[in-house]
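S.K.: Here's a sequence, model it:
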Amino acid sequence: MSGGQPGHGAFPVSYMLEWHGGMHLAAPMGGNGVALPVRAIADGTVVFIRQRTDADSPDEPLNYGDGYTSDAVVVIRHDTETGASAAGQATQVRFYSVYMHLHSIQPTVRPGRPIHRKDDIGQAGHIYGEPNVMHFEICCDDGNLARLVGRATGNLNLAADGRTDVLFGEMYFHLPAGTPIFGAKPLPQFTQAMTRPAAPRGQPARPPQALPAVHTTANDYVVGVHYAGGEGAAGQRGDALVTTYRMNGETEGTPVREADAEYGLYTTAVNISEAYPAASRPAISAVYELLRFGRVVGPDTLTPADVPHWREVSYPGGQGWVNLNAANVHKFSDADFPQWKGWALIDDDTNGDSRCDSAMLRRMIYGDGAASLQPSRQQATAQLNSPAVQGRLARTVCKFPSEWDASTIDQRWSWLKTQSDENPEALTEDDYAALKAHVQALCFPLPELFSAQWCFNPREFIKQFSQCGWLSADELESVLAAAPAAGRARAATLRVSMNKMLSKYTVNASRLRLSHFFAQVGHETGWWQYREELGNERYFRTMYEIITPQEAAEDFRSGLARRLGLVRARETEQAYAARRPTVVLAKAATLDNGAANSAVGGQAGDGSRFRGRGFLQITGRRNYTSYGTYRGRDLTTDPNPRLLASDNFNACDASGFYWTRERANVEADDGSVVRNITRVGGIINRGRATAVPLHDQERQTAFTAIWSKLNDSI
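M.R.: Numbers count the residues shown, from 1 in each chain. This is a model prediction of the structure:
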């Protein structure tokens, strides 16, 4: 929907500096010339509806000003989550969305009933005679503001790191004045900026030397690292953009684009870890989180704790390298609603009327000296029409009384009976009575909404939290609606660990990635019913270790080989029995499985020991060794291999590890057509995108069902 410009329908104030908790939005027109329906912004529960009141007489209170105003309204209460603590305690939040001035409401929208994102609510109505428009607002109470924004008042505290229970969007690093910047890329294993001079050909490597700083910051700055998350132009969907911000939010110099930095996070983490001596290498997983979030938020310890995080940044006069993990650098994310991105909590108007008396907001509109200024309506109009002022107001979160509470009408509006610069024409008693009747006709009884006095710009709220990606229980249930009940129930028990993994590996950075991931995992695990491959000792040995021609012939005659998709077209029993042992030995070699591969640690029984586990079924000694090295843990000595299935975090994280190591996001970002689904499935099921996975059609069907839930354009 469009609209929300300054006037009677802007956020957070009108031309008369009256508080306005939402925006007036115009419904876009469909191809048939009919306005498109109003849809729910998120899952929730309908807590109030009122159908439209017809106003045939000009004297009706709804016929006020320039014409009829529709009074139909729907209020939705949204109970959801935005993250979880390290201990797994979900960060639960509640907010309300208000859809006012509707023309009609769908009969399925009823109080007490659940409603889902994208559900049709009804049609936009009239505001002062203008058709196909509505008022849309989003608000919350004090306690939920702290959980949504991470604080209850003021600006972020820059002397400590930001929240870790909720992390999303751009990652930020506060650089205090006096931060050194270096002209060349330092070696990754030293906290002091070091370089290794080139040695003459054939000569031993020279010892590292200290790099001199090319610049020392005179002011505080913030460095933002934004991973593309599959968005943007082809060829840039896995990039990172590193931006230097001044403390007022302006950018310093040109952002530095790191090509494929997101796609290459795993490889970069490996290279940093391997730059350390073998006996003191930090866990790759912890280094990965350092690059991904700027700090470690999972269970793996970063040892040493001061592993540097070197990034190239812009500074006044050039570009150079800075350590974003220095002791005096504090870390944040978009989940902290930082002030340098324009976010401001406005709570200094406490008189309870509808007139904005906030000194904070007035300074944003009029600049210095605003406290003593008594602006006229013309001055207010000029300032509120300024794009710069509109930009400053867009990300304010403002606290003031609800305009829908009938019990506070006089407290909120009686100031209009007094003449002032802002109100040059005081209302007569008759005029005020008419206004009061109109306001009362639009009010409705919902006390729980009236305690939610913190109002967000709806567009900015949606834009901000669209980056979150955390799936609540209801949202996960909705996304997996096509899965069997047992699968949905199992997925629900894994939801917190799953969400953390999806965030860590940037799978939840886009709905397209989520759809690909859930479709593949759903198929591989029987929709989360199995976190461990099923079979007996004989099955695992003959699939992943060694098989005799006689056993291969038995599998052919029993039909097992054909059910597993192992038989070629028109292949005879004799041909299969002759071919299969060689195939299994070759496969065992790629997995380092069995006595035949003892040179790399293989042992008899590896087929069963390293069976497929986790939700993308990591299989084989080589993959278990790789994941154990990644986590800094022994996952190959019995009984440790079972930890990939018995522990929720391990089962989920191992799947994300495999997804990112094999760069599955690259293929997922490419699109949603059959070819894309097949290529992602090829990586997961066959180890390469060019191979057609087993049960490709079932994977296609699963993707289609999930994508229909997550795709906003459908």
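
S.K.: okay, CA-based contacts and neighbour counts for the rest of this
M.R.: OK.

S.K.: Output the below-cut-off pLDDT ranges for the protein.
M.R.: 1-8, 369-376, 714 (pLDDT under 70).

S.K.: how's it carved up into domains?
M.R.: 2-153+344-463, 171-336, 537-710 (automatic domain parsing).

S.K.: now the ones you listed as TSV including distance to Arg488 and mean neighbour count?
M.R.: Below are those laid out as TSV (distance: least, CA to CA, whole Å; neighbours: other CA atoms under 10 Å):
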stretch	distance to Arg488	mean neighbour count
domain 2-153+344-463	17	18
domain 171-336	25	19
domain 537-710	13	19
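
S.K.: Tell me which helix or strand Val74 sits in.
M.R.: Assigned by DSSP states H and E, Val74 belongs to strand 72-84.

S.K.: Check which helices and strands that strand sits against.
M.R.: When contacts are defined as 3 or more CA pairs under 8 Å, 6 or more residues apart in numbering; DSSP states H and E, strand 72-84 sits against strand 44-50, strand 90-105.

S.K.: Among those strands, single out whichever gets nearest to Ala344.
M.R.: Among the helices and strands packed on strand 72-84, the nearest to Ala344 by CA to CA is strand 90-105 (18.4 Å).

S.K.: how long is stretch 299-316 from one end to the other?
M.R.: End-to-end distance of stretch 299-316 (CA to CA, to the nearest Å): 38 Å.

S.K.: do the same with stretch 341-360
M.R.: First residue to last in stretch 341-360 (CA to CA) measures 17 Å.

S.K.: does Gly487 sit in a helix, a strand or a coil?
M.R.: Following DSSP: H, G, I helix; E, B strand; the rest coil, the label given to Gly487 is helix.

S.K.: got the residue ranges for the helices in the stretch 251-400 of the chain?
M.R.: Ranges of helices within the stretch 251-400 of the chain are 265-274, 284-293, 359-366, 377-384, 387-394, based on DSSP state H, counting those that start in this stretch.

S.K.: Kindly present those as JSON lines, with separate columns for distance to Asp306.
M.R.: As requested, those are arranged in JSON lines below (distance: least, CA to CA, whole Å):
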{"stretch": "helix 265-274", "distance to Asp306": "13"}
{"stretch": "helix 284-293", "distance to Asp306": "10"}
{"stretch": "helix 359-366", "distance to Asp306": "40"}
{"stretch": "helix 377-384", "distance to Asp306": "48"}
{"stretch": "helix 387-394", "distance to Asp306": "38"}
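
S.K.: just to revisit the earlier point, can I get the helices and strands packed on strand 72-84 in JSON lines including distance to Arg206?
M.R.: Below are the helices and strands packed on strand 72-84 laid out as JSON lines (distance: least, CA to CA, whole Å):
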{"stretch": "strand 44-50", "distance to Arg206": "63"}
{"stretch": "strand 90-105", "distance to Arg206": "51"}
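
S.K.: and the strand holding Val74, C-alpha only, in CSV?
M.R.: Only the C-alpha atoms of strand 72-84 are listed here, as CSV (Å, rounded to 0.1, in the frame of the first residue of the first chain):
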residue,chain,number,x,y,z
ALA,A,72,-14.8,-1.0,10.4
VAL,A,73,-11.8,-2.2,12.3
VAL,A,74,-9.8,-5.4,12.9
VAL,A,75,-7.2,-5.7,15.7
ILE,A,76,-4.7,-8.6,15.8
ARG,A,77,-2.6,-9.6,18.8
HIS,A,78,0.7,-11.1,17.7
ASP,A,79,2.4,-13.4,20.2
THR,A,80,5.7,-14.5,18.7
GLU,A,81,9.4,-14.8,19.3
THR,A,82,12.5,-13.0,17.9
GLY,A,83,15.3,-15.2,19.3
ALA,A,84,16.5,-17.1,22.4
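
S.K.: Can you list the strands that that strand pairs with?
M.R.: The pairing partners recorded for strand 72-84 under DSSP bridges are strand 44-50 (antiparallel), strand 90-105 (antiparallel).

S.K.: Specify the stretch among those strands that is closest to Gly687.
M.R.: strand 90-105 (34.8 Å).

S.K.: State the next helix or strand along the chain beyond that closest one.
M.R.: Assigned by DSSP H and E, the successor of strand 90-105 is strand 114-115.

S.K.: in its sheet, what does that next one sit against?
M.R.: Sheet pairing for strand 114-115, assigned by DSSP bridges, gives strand 44-50 (antiparallel).

S.K.: helices or strands up against the helix or strand that the strand it pairs with is followed by?
M.R.: Using DSSP H and E, the helix or strand that follows strand 44-50 in sequence is strand 63-64. Counting contacts by 3+ CA pairs under 8 Å, 6+ apart, strand 63-64 packs against helix 429-442.

S.K.: Of the domains of the chain, which is nearest Ala486?
M.R.: Among these, domain 537-710 comes nearest to Ala486, with 15.4 Å by CA to CA.

S.K.: Give me the residues contacting stretch 254-266.
M.R.: 227-229, 236-244, 288, 291-292, 312-314, 660-661, 663, 665-666 (CA atoms under 8 Å, 6 or more residues apart in numbering).

S.K.: Which stretches in the stretch 451-600 of the chain count as helices?
M.R.: Under DSSP H, counting those that start in this stretch, the stretch 451-600 of the chain gives helices at 458-465, 473-479, 485-493, 495-504, 511-524, 537-544, 549-558, 560-563, 573-591.

S.K.: if we can go back for a sec, to Val673, which of the helices of the stretch 251-400 of the chain lies closest?
M.R.: helix 265-274 (26.4 Å).

S.K.: export the closest one as PDB, just CAs?
M.R.: The C-alpha coordinates for helix 265-274 follow below in PDB (Å, rounded to 0.1, in the frame of the first residue of the first chain):
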ATOM      1  CA  LEU A 265      32.500 -17.800   5.400                       C
ATOM      2  CA  TYR A 266      33.400 -21.500   6.100                       C
ATOM      3  CA  THR A 267      36.500 -21.400   4.000                       C
ATOM      4  CA  THR A 268      37.700 -18.100   5.500                       C
ATOM      5  CA  ALA A 269      37.100 -19.500   9.000                       C
ATOM      6  CA  VAL A 270      39.200 -22.600   8.100                       C
ATOM      7  CA  ASN A 271      42.000 -20.500   6.800                       C
ATOM      8  CA  ILE A 272      42.100 -18.300   9.900                       C
ATOM      9  CA  SER A 273      42.100 -21.400  12.200                       C
ATOM     10  CA  GLU A 274      44.800 -23.200  10.200                       C
END
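
S.K.: Between helix 284-293 and that helix, find me the angle.
M.R.: 120 degrees (axes from the mean of the first three to the mean of the last three CA atoms, to 10 degrees).

S.K.: gap between helix 265-274 and the chain center?
M.R.: Computed by CA atoms, centre = their mean, to the nearest Å, the chain-centroid distance of helix 265-274 equals 24 Å.

S.K.: ditto for stretch 179-198
M.R.: Worked out by CA atoms, centre = their mean, stretch 179-198 lies 33 Å from the chain centre.

S.K.: Show the end-to-end separation of that stretch, please.
M.R.: End-to-end distance of stretch 179-198: 28 Å, with CA to CA as the criterion.

S.K.: before we move on, the earlier item: using CSV, lay out the helices of the stretch 451-600 of the chain together with distance to His101.
M.R.: Formatted as CSV, those follow (distance: least, CA to CA, whole Å):
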stretch, distance to His101
helix 458-465, 16
helix 473-479, 28
helix 485-493, 38
helix 495-504, 37
helix 511-524, 31
helix 537-544, 64
helix 549-558, 68
helix 560-563, 60
helix 573-591, 64
